[in-house]
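Asker: need a structure here:
(one chain, ligands or ions: 1)
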Amino acid sequence: MVTETYSVGILGATGIVGQRLVRRLQHHPWFRLEGLAASERSAGKSYGEAVTWTLGGEPPSYAAGMEVRRCAPDSLAGCDLVFSSLDAAVARDVEAAFSLAGVHVISNSSAYRMDPAVPLVIPEINRSHLGLLEKAGAGTGKGHIVTNPNCSVIGLAMALAPLHQAFGVQAAVVTTLQALSGAGLSGPTRGEMEDNVLPHIKGEEEKIQQELPKIFGRLDPAGVIEPARIRVAAHCNRIGTVDGHLETVSVLLDRPVAPEQAVQVFRRFRGEIDGLDLPSAPAIPIKVMDQPDRPQPRLDRDTGDGMTVVVGRVRECPVTTLRFCLLSHNTERGAAGAALLNGELMAACGLLGRTGS
Ligand SMILES: NC(=O)c1ccc[n+]([C@@H]2O[C@H](COP(=O)([O-])OP(=O)(O)OC[C@H]3O[C@@H](n4cnc5c(N)ncnc54)[C@H](OP(=O)(O)O)[C@@H]3O)[C@@H](O)[C@H]2O)c1
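Answerer: Modelled structure (predicted):
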């Protein structure tokens, strides 16, 4: 039971993910938003002036008057923890600087995801990977860096986790239909995407193929994550939907499995945080829909406050074992909500203590 509250900041607070974090933190029971930071373009302005608010209505009043600062530890002095939603190129140095200054960092960016000393965590699947921190952080005075996976990987990993536990996953082929918000504020507009699909998203296929084996990997007693031996092939496409990544998956299991058996394990899945009462955890991590034309992004992306992954069309596959589709909200389950859930898990595990530096 977490009784403490923590002062938190957001790096990249004006971006697509940063805005979701601002909204989600408004009534958070454990985290108090005390610092907002973005680029030099925004620094010195009030949040309300700096942000191009994309979530309908006005920026929340509790944040609108706060001054946006530079992304440097001295600008956010007093924060125990920062949620980072910066581009990877910027994030590498900035996140390292916060960690060195003794501030814990939970990152949406890819900068440190594949670093062997950094946990890449989905709380329902691999909370044990936080064990890496005991080795890396002990006695150094540094803040922990914990990352959440790429937004397409999170939905895929959530759906494959129960299948892997029950039947063993050997390989998966995934085709993504990714929403516009996944490209951030500088991505293509709805107008530019009308009557079009972009059959390439830079670096995305590689991220899916690399991150999934790390997430499903085993933390060995020497403190090394041994990646799972799962082969993944990804085909990534950008489409004109606003939010919510739809993915179609063919999966090769260790043995023949009927679609009904798979549906049963999806429905039973609760994951490794069942019973912890983390504020951002959905009531059910996976919802299975029976209608043949669901899930659909516009209708189903907000299931479980955007934190439930919705699976549908579970059926036999003539080439692998099974086929299905899944939908996950890329900026909630895939980013802001995922980061918050990681922070909540760290709090529940006693990993957000002051570093003493
Ligand atoms: N969008 C998604 O669905 C999603 C999902 C999972 C992970 N991610 C990852 O999350 C991160 C943020 O994505 P996003 O979509 O929110 O991006 P975004 O909308 O482009 O926002 C980028 C943020 O970074 C700030 N920034 C840019 N250059 C900076 C600099 N040199 N120094 C300090 N701050 C700087 C921007 O501030 P200004 O407004 O001042 O320019 C803005 O706040 C990326 O690493 C992305 O890969 C995104």
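Asker: for the residue in the stretch 1-150 of the chain positioned nearest to the ligand, give me its contacts.
Answerer: Using Cβ to the nearest ligand atom, Gly15 is the residue of the stretch 1-150 of the chain that sits closest to the ligand, at 2.0 Å. C-beta coordinates here come from the backbone N, C-alpha and C atoms, glycine included. Residues in contact with Gly15 (Cβ atoms under 8 Å, 6 or more residues apart in numbering) are Ala38, Ser85, Leu86, Gly184, Leu185.
Asker: among these, the buried ones, what's the PyMOL command?
Answerer: The buried residues among those can be selected in PyMOL (16 or more other Cβ atoms under 10 Å) with this line:
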select buried, resi 38+85+86
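Asker: who's in contact with Arg231?
Answerer: Gln170, Ala171, Ala172 are the contacts of Arg231 under Cβ under 8 Å, 6+ apart.
Asker: could you rerun that using 6 Å?
Answerer: Arg231 makes contact with Ala171 under the criterion Cβ atoms under 6 Å, 6 or more residues apart in numbering.
Asker: ok, and what's touching the helix or strand in which Leu156 is found?
Answerer: Using DSSP states H and E, Leu156 sits in helix 151-167. Among residues not part of helix 151-167, those counted as contacts by Cβ under 6 Å, 6+ apart are 122, 125, 169, 174, 176, 182, 208, 211-212, 215, 245, 247, 253-254, 257, 265-266, 269, 309, 311, 326, 328, 330, 333-335, 338.
Asker: narrow those residues to those in strands?
Answerer: Using DSSP state E, the members of the contacts of helix 151-167 that fall in strands are Val169, Val174, Thr176, His245, Glu247, Leu253, Val309, Val311, Leu326, Ser328.
Asker: among the contacts of Gly15, which ones lie close to the ligand?
Answerer: Contacts with the ligand within these, counted by Cβ under 6 Å from any ligand atom: Ala38, Ser85, Leu86, Gly184, Leu185.
Asker: which parts of the stretch 101-250 of the chain are helices?
Answerer: Under the criterion DSSP state H, counting those that start in this stretch, the stretch 101-250 of the chain contains helices at 123-126, 132-137, 151-167, 190-193, 204-215.
Asker: and the longest one with the ligand, contact?
Answerer: Yes: shown here: helix 151-167 in contact with the ligand (Cβ under 6 Å from any ligand atom) through Cys151.
Asker: can you give me the buried ones in that helix?
Answerer: 151-164, 166-167.
Asker: which stretches of the protein form strands?
Answerer: 6-11, 31-38, 68-70, 81-84, 104-107, 145-147, 169-178, 218-219, 225-226, 231-238, 245-253, 286-288, 309-316, 322-328.
Asker: quick one: list the elements packing against the fifth one.
Answerer: So that's strand 104-107. Contact here means 3 or more Cβ pairs under 6 Å, 6 or more residues apart in numbering; DSSP states H and E; on that basis strand 104-107 packs against strand 81-84, helix 88-100, strand 145-147, helix 337-348.
Asker: if we use 10 Å, what do you get?
Answerer: strand 6-11, strand 81-84, helix 88-100, strand 145-147, helix 337-348 (3 or more Cβ pairs under 10 Å, 6 or more residues apart in numbering; DSSP states H and E).
Asker: likewise for the fourth one?
Answerer: Secondary structure elements in contact with strand 81-84, counted by 3+ Cβ pairs under 10 Å, 6+ apart, are strand 6-11, helix 16-25, strand 31-38, helix 88-100, strand 104-107, strand 145-147, helix 337-348.
Asker: 6 Å instead?
Answerer: Using 3+ Cβ pairs under 6 Å, 6+ apart, strand 81-84 sits against strand 6-11, helix 88-100, strand 104-107.
Asker: quick revisit: how about the ones in strands among the contacts of helix 151-167, which pair is most distant?
Answerer: The largest separation in those, counting by Cβ to Cβ, is between His245 and Leu253 at 23.2 Å.
Asker: more neighbours: which of these two?
Answerer: His245 (29 against 21; other Cβ atoms under 10 Å).
Asker: and that one, what does it touch?
Answerer: His245 sits in contact with Ser152, Thr176, Gln178, Ala179, Ser328, Asn330, where contact means Cβ under 6 Å, 6+ apart.
Asker: tell me the pLDDT at it?
Answerer: The pLDDT attached to His245 in the predicted structure is 98.
Asker: how close does it sit to Gly57?
Answerer: 25 Å (Cβ to Cβ, to the nearest Å).
Asker: with Arg32 instead?
Answerer: Counting by Cβ to Cβ, the gap from Arg32 to Gly57 is 23 Å.
Asker: what's the answer for Gln165, then?
Answerer: Taken as Cβ to Cβ, the span from Gln165 to Gly57 is 41 Å.
Asker: count the neighbours of the closest residue to Leu100 other than its chain neighbours for me.
Answerer: Leaving out its chain neighbours, the residue that sits closest to Leu100 by Cβ to Cβ, 6 or more residues apart in numbering is Lys142, at 6.1 Å. When neighbours are counted by other Cβ under 10 Å, Lys142 registers 20.
Asker: Lys142 against Ala101, yeah?
Answerer: No: Lys142 lies out of contact with Ala101 (Cβ atoms under 6 Å); the separation is 8.5 Å.
Asker: roughly how far does the residue in the stretch 101-250 of the chain positioned nearest to the ligand sit from Gly306?
Answerer: Distances between the stretch 101-250 of the chain and the ligand by Cβ to the nearest ligand atom are smallest at Gly184, namely 3.0 Å. Remark: distance between Gly184 and Gly306 (Cβ to Cβ) = 17 Å.
Asker: cheers, nothing more for now.
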